[in-house]
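1. this one's structure only:
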């Protein structure tokens with residue numbers, strides 16, 4: 001497997017796989033199938049995004065619009081993912 005410079009593929013010896021795509025493309029369904037087949041957990045970025053929106057008393061569409069204005073939301077999502085990992 002070829003590597004991408006500057007990208008860590010392992011954290012504390014654990015392998016992480018990222019699957020992404022536009023809403024409705026089946027990424028969550030794919031990840032649920034992979035997690036079931038490998039008997040492992042998964043984290044849904046979409047669910048975390050919804051949680052962040054709720055914490056900020058915003059709709060999901062408002063939060064998405066705000067992501068285009070600043071990197072604050074991306075950083076919040078990154079922090080949340082790191083605590084879970």
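-> Looks like it arrived, so ask away. These numbers come from a predicted model, not from an experiment.
2. this structure: strands as residue ranges?
-> 10-11, 14-15 (DSSP state E).
3. lowest average pLDDT across those strands?
-> Lowest mean pLDDT within those: strand 10-11, at a mean of 54.
4. care to break this structure down by domain?
-> Recorded structural domains for the chain (assignment: automatic domain parsing) are 1-42, 44-85.
5. tell me how far the last one is from the chain's mean position?
-> Translated: domain 44-85. Centre-to-centre, domain 44-85 and its host chain are 9 Å apart (C-alpha atoms, centre = their mean, to the nearest Å).
6. give me the number of residues near the residue lying closest to residue 58 once chain neighbours are set aside?
-> Counting by C-beta to C-beta, 6 or more residues apart in numbering, residue 58 lies nearest to residue 66, which is 7.3 Å off, once chain neighbours are set aside. From N, CA and C alone the C-beta is placed, and that goes for glycine too. Residue 66: 14 surrounding residues under other C-beta atoms under 10 Å.
7. separation between residue 66 and residue 56?
-> 9 Å (C-beta to C-beta, to the nearest Å).
8. lowest average pLDDT across the domains of the chain?
-> Lowest mean pLDDT of these: domain 1-42, a mean of 77.
9. tell me which residues are up against stretch 70-85.
-> Stretch 70-85 has contacts (C-beta atoms under 8 Å, 6 or more residues apart in numbering) with 11, 14, 16, 43, 45, 48, 49, 51, 52, 63, 66, 67.
10. in it, what counts as buried?
-> Of the residues in stretch 70-85, 73, 76, 77, 80 count as buried by neighbour count, 16 or more other C-beta atoms under 10 Å.
11. still on that earlier bit, deepest-packed of the domains of the chain, please.
-> domain 44-85 (a mean of 13; mean count of other C-beta atoms under 10 Å).
12. before we move on, back to that, contact partners for the residue nearest to residue 58?
-> 58, 72, 73.
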